[in-house]
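# Would you be able to build a 3D model of this:
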Amino acid sequence: MHVIAINGTRITCDWSVLHRLLSSGRMNGAFILIALALATYKQTLFNIPAPYLTRIIFWLIGVYLTTLYWYLLIRAVHLIRDRLKVGAAVFNYPATAIATVGAVFTSTVLVSVLTQSTFLSASLTFGDFARNLLIAGLVELLIVTSILPFFWEGKTAAPYPAAAKPAPPEPRTILFDEKGIHLASLLHVRSQEHYLEFVFEQTELLLRGALKDFVAMCDDTDGIQCHRSHWVAKKAVTGRKRHEGNPVLLLSNGNSVPIARGRLADVKSWLMQHRPEV
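Numbers count the residues shown, from 1 in each chain. You can find the predicted model right below:
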């Protein structure tokens, strides 16, 4: 699934990478710093003076609640898109905003129960929600621009070169089952029970996973799932014919891949759009 961040960055959402990111020391350190900053900025809770440690704990719980709600929302969106077979990218900030509002209400209820107070919810104002939504947007921007590149690449981001010439786009690589799948050299993916066989120009690779998860990480410009057990790369398709009455796609390595009859119309439409010369 592709997610568009608040600054327009398009991110491939891989669950194994996301889990490692959320459990990383860099991310949790950022959460603690955010809670410290909020507790220092505002010396009251619900317009009542509160000790510094209490404010830190309150905001830390709020940050983690927001993260939990955001994760559950993104999971739900992924399941719905997978069920409906929708390929469009998802904007992330609406999920962040909903998670933030949910965390504010949950924190208020928790504090109300613990303190046996009934006036706390009345002290919430539109300004409180607007401020929290703004903070959530800034935190998302911080994570996307400062934390995610460090975590994804595993190294400090180099400064931008002084040259005015734009760098050529790098071939896309998908991280699947903790392995980098270089789409530029990928020809064909075949499902075998609980495993996927990746056929490249020079080698093959067997990884554990489901074909639908890999397809969700790809675009129509990368290739198409022509069968319940097969996905083919756009550049690998050299032709289409019938073999013993069944439609197949011909690949550049000499192999042929079956086309499911229920997907034949989609494959024809995809070929006309992306491989009209075939």
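# Next, the buried residues of stretch 230-250.
For stretch 230-250, a neighbour-count test (16 or more other CB atoms under 10 Å) marks 230-237, 240, 247-250 as buried. All C-beta atoms are positioned from the backbone trio N, CA, C, and that covers glycine.
# Quick check: can you list the domain ranges of the protein?
2-153, 173-274 (automatic domain parsing).
# sorry, back to before: in strands only, show me the buried residues of stretch 230-250.
Residues of the buried residues of stretch 230-250 located in strands (DSSP state E): His230, Trp231, Val232, Ala233, Val237, Arg240, Pro247, Val248, Leu249, Leu250.
# Let me know whether the last one touches Arg242 as I believe.
No. Counting by CB atoms under 8 Å, Arg242 is not a contact partner of Leu250; they are 11.2 Å apart.
# And the furthest pair within the ones in strands among the buried residues of stretch 230-250?
Spanning the widest gap among those are Ala233 and Pro247, at 18.2 Å by CB to CB.
# what about the strands in the stretch 51-200 of the chain?
Applying DSSP state E, counting those that start in this stretch to the stretch 51-200 of the chain gives strands spanning 90-91, 173-176, 179-182, 186-192, 195-200.
# before we move on, back to that, let's have the buried residues of stretch 230-250 in TSV, adding distance to Phe105 and pLDDT.
Output for the buried residues of stretch 230-250, formatted as TSV (distance: CB to CB, whole Å; pLDDT from 0 to 100):
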residue	distance to Phe105	pLDDT
His230	47	96
Trp231	43	95
Val232	48	96
Ala233	47	95
Lys234	47	93
Lys235	50	92
Ala236	51	94
Val237	51	94
Arg240	55	92
Pro247	54	93
Val248	55	94
Leu249	52	94
Leu250	57	94
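# Format the strands of the stretch 51-200 of the chain as JSON lines; extra columns: mean pLDDT.
Below are these laid out as JSON lines (pLDDT from 0 to 100):
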{"stretch": "strand 90-91", "mean pLDDT": "79"}
{"stretch": "strand 173-176", "mean pLDDT": "88"}
{"stretch": "strand 179-182", "mean pLDDT": "88"}
{"stretch": "strand 186-192", "mean pLDDT": "94"}
{"stretch": "strand 195-200", "mean pLDDT": "94"}
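# can you pull the contacts of the closest residue to Ala39 other than its chain neighbours?
The spatially closest residue to Ala39, leaving aside those adjacent along the chain, is Arg55, at 3.7 Å (CB to CB, 6 or more residues apart in numbering). If you count contacts by CB atoms under 8 Å, 6 or more residues apart in numbering, Arg55 has them with Leu38, Ala39, Lys42, Gln43, Leu45.
# Now do the end-to-end distance for stretch 200-216.
End-to-end distance for stretch 200-216, by CA to CA, to the nearest Å: 19 Å.
# What residues sit buried inside the strand or helix carrying Met27?
Taking DSSP states H and E as the criterion, Met27 maps to helix 25-41. Across helix 25-41, burial judged by 16+ other CB under 10 Å covers Met27, Ala30, Phe31, Ile34, Ala35, Leu38, Ala39.
# What's the separation between Ala184 and Val77?
29 Å (CB to CB, to the nearest Å).
# the more surrounded of those two?
Val77 (18 against 13; other CB atoms under 10 Å).
# that older thread, Val111: which of the ones in strands among the buried residues of stretch 230-250 is nearest?
Trp231 (50.2 Å).
# Grab the nearest non-local neighbour of the closest one.
Going by CB to CB, 6+ apart, Trp231 has Val189 as its nearest residue, at 4.2 Å.
# and if you look at Glu140?
Ile6 (4.9 Å).
# And what about the one you found, helix, strand or coil?
With DSSP: H, G, I helix; E, B strand; the rest coil as the basis, Ile6 sits in coil.
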